[in-house]
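Participant: here is my input, please return the structure:
(one chain, ligands or ions: 1)
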Amino acid sequence: MRFGSVEALTALDIGVGEGVTGLVGANGAGKSTLIKILLGLLEPTSGTASVLGHDIATESAEIRRLVGYMPEHDCLPPDVSASDFVVHMGRMSGLPATVARERAADILRHVGLDEERYRQMGGYSTGMKQRAKLAQALVHDPRLVFLDEPTNGLDPAARVDMLHLVQRIGRDFGIAVLVTSHLLGELEKVSDHVIVLDGGRLLRSSATADFTQHTGGLLVEVLGGDTERDVLGEALAKAGLTCRPRGALVAVDPPPPGLSREGAVHDLVRDTTADLGLALVRIQPDQAHLEDVFLTEEAARV
Ligand SMILES: Nc1ncnc2c1ncn2[C@@H]1O[C@H](COP(=O)(O)OP(=O)(O)OP(=O)(O)O)[C@@H](O)[C@H]1O
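Facilitator: So this is what the prediction gives:
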């Protein structure tokens, strides 16, 4: 997809399956452009795509009947209640009036808009607006929903609630979800599969578990501050482990062959901590995160 001299998407060859798929990438990576192409709202400069077996070039009306779309931008009429709006959107999708009213009431309850649904949306908080936008995407019982930055503008607690809703749409309602975020780590917990875009190119597409696999290292936390952390780190280094501070924790690399016996590093960390008179808070596996994909790519480029 080209916009003049800007290549918004280049040589993108991907398939999206069932469940929840996270589409992540920095601002301008091409996420919204991809969704708009799949909805038939933008015509790609070249290439082909199909959604639920329908060609985007010739069957976009059928695609929009089967798909729900939560756009990124603010698109709610301020002088209409969420209830009236979602009923209207249900009617637009072909539902009879009584069915649209029932479905709207159900779905607004599911997304957590109760009594507020009768108030005009102009007075809503960002979190309430995002919920209303989500409800209109779901009212006609689609087989697939595109959610463009559903957590945008939300505070941390509202973000967690929204991500929980996204997960329920995929797992409990059985609707396939393609959800975008510019925050790379955000979708790790709720997505079955993650697609990473960078400057319009595909960086990686794989099961979330492949991104977040156990690195073989450990993270250790002891009570106290940087001093206690560093005392432990130095003692572990003397004992033959490679480690470094990571925030308030000590990150221990995968053990050398002499310490590869199951539990050997755990025992060493526990004993070293006790010998130093420090209080151990936790030892946990060090997992790779989505951000690491970008760091690895950057390192490869350098
Ligand atoms: N209508 C347009 N005209 C010109 N350029 C556009 C248009 N739409 C998008 N672009 C450009 O295409 C690129 C991809 O934009 P897109 O909005 O798809 O990114 P995004 O990953 O969704 O980012 P964001 O998280 O900021 O929404 C950007 O460089 C953007 O400036």
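Participant: and the next element down the chain from the longest helix belonging to the chain?
Facilitator: Under DSSP state H, the helix in the chain containing the largest number of residues is helix 156-171. Scanning forward in sequence from helix 156-171 by DSSP states H and E, the next helix or strand is strand 176-181.
Participant: in that following strand, what's buried?
Facilitator: Of all the residues in strand 176-181, those buried under the rule 16 or more other Cβ atoms under 10 Å are 176, 177, 178, 179, 180, 181. Glycine gets a C-beta too; all of them are placed from N, C-alpha and C.
Participant: ok, of those, which one's closest to residue 251?
Facilitator: Top of the list for closeness to residue 251, among the buried residues of strand 176-181 and by Cβ to Cβ, is residue 181 at 25.6 Å.
Participant: list the beta-bridge partners for that closest one.
Facilitator: For residue 181, the beta-bridge assignment (DSSP bridges) gives partners residue 24.
Participant: what's the spacing between it and residue 229?
Facilitator: The gap separating residue 181 from residue 229 is 31 Å, by Cβ to Cβ, to the nearest Å.
Participant: repeat for residue 10
Facilitator: Counting by Cβ to Cβ, the gap between residue 10 and residue 229 amounts to 44 Å.
Participant: who has more neighbours, the two?
Facilitator: Just comparing residue 10 and residue 229: by other Cβ atoms under 10 Å the higher neighbour count belongs to residue 229, 20 against 13.
Participant: any idea how far the more buried one is from the ligand?
Facilitator: As for residue 229, its distance to the ligand is 36 Å (criterion: Cβ to the nearest ligand atom, to the nearest Å).
Participant: same deal with residue 159?
Facilitator: Taking Cβ to the nearest ligand atom, one finds residue 159 at 16 Å from the ligand.
Participant: after the host helix or strand of residue 221, heading C-terminal, what element do we hit next?
Facilitator: With secondary structure defined by DSSP H and E, residue 221 is part of strand 214-222. Using DSSP H and E, the helix or strand that directly follows strand 214-222 along the chain is helix 226-238.
Participant: for that next one, packing partners?
Facilitator: Of the remaining helices and strands, those touching helix 226-238 by 3 or more Cβ pairs under 8 Å, 6 or more residues apart in numbering; DSSP states H and E are strand 214-222, strand 243-246, strand 249-252, helix 264-275.
Participant: winner for burial among those?
Facilitator: By mean neighbour count, with neighbours taken as mean count of other Cβ atoms under 10 Å, strand 249-252 ranks first of the helices and strands packed on helix 226-238 at a mean of 22.
Participant: just checking: what are the partner strands of that one?
Facilitator: Each strand that pairs with strand 249-252, with its direction, by DSSP bridges: strand 214-222 (antiparallel), strand 243-246 (antiparallel).
Participant: ok, and what's touching the shortest one?
Facilitator: Pointing back at strand 243-246 there. Under the criterion Cβ atoms under 8 Å, 6 or more residues apart in numbering, residues 219, 226, 229, 230, 233, 236, 237, 250, 251, 252, 253 lie in contact with strand 243-246.
Participant: same question for the longest one.
Facilitator: Applying Cβ under 8 Å, 6+ apart, the contact partners of strand 214-222 are 228-229, 232, 236, 246, 248-255, 265-266, 269, 273, 278-288.
Participant: look at residue 279 and report its pLDDT.
Facilitator: Residue 279 is assigned a predicted lDDT (pLDDT) of 94.
Participant: how about the strands paired with strand 249-252 in TSV, adding distance to residue 37?
Facilitator: What follows is the strands paired with strand 249-252, written out as TSV (distance: least, Cβ to Cβ, whole Å):
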stretch	distance to residue 37
strand 214-222	36
strand 243-246	40
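Participant: check the ones you listed for me: which has the lowest mean pLDDT.
Facilitator: strand 214-222 (a mean of 86).
Participant: restricting to C-alpha, output it in PDB.
Facilitator: These are the backbone C-alpha positions of strand 214-222, laid out as PDB (Å, rounded to 0.1, in the frame of the first residue of the first chain):
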ATOM      1  CA  HIS A 214      11.500 -19.400  29.000                       C
ATOM      2  CA  THR A 215      15.000 -18.200  28.300                       C
ATOM      3  CA  GLY A 216      16.600 -20.700  30.700                       C
ATOM      4  CA  GLY A 217      17.700 -17.800  33.000                       C
ATOM      5  CA  LEU A 218      16.200 -16.700  36.300                       C
ATOM      6  CA  LEU A 219      15.200 -13.500  38.000                       C
ATOM      7  CA  VAL A 220      15.900 -13.100  41.700                       C
ATOM      8  CA  GLU A 221      14.500 -10.500  44.100                       C
ATOM      9  CA  VAL A 222      15.800  -9.900  47.600                       C
END
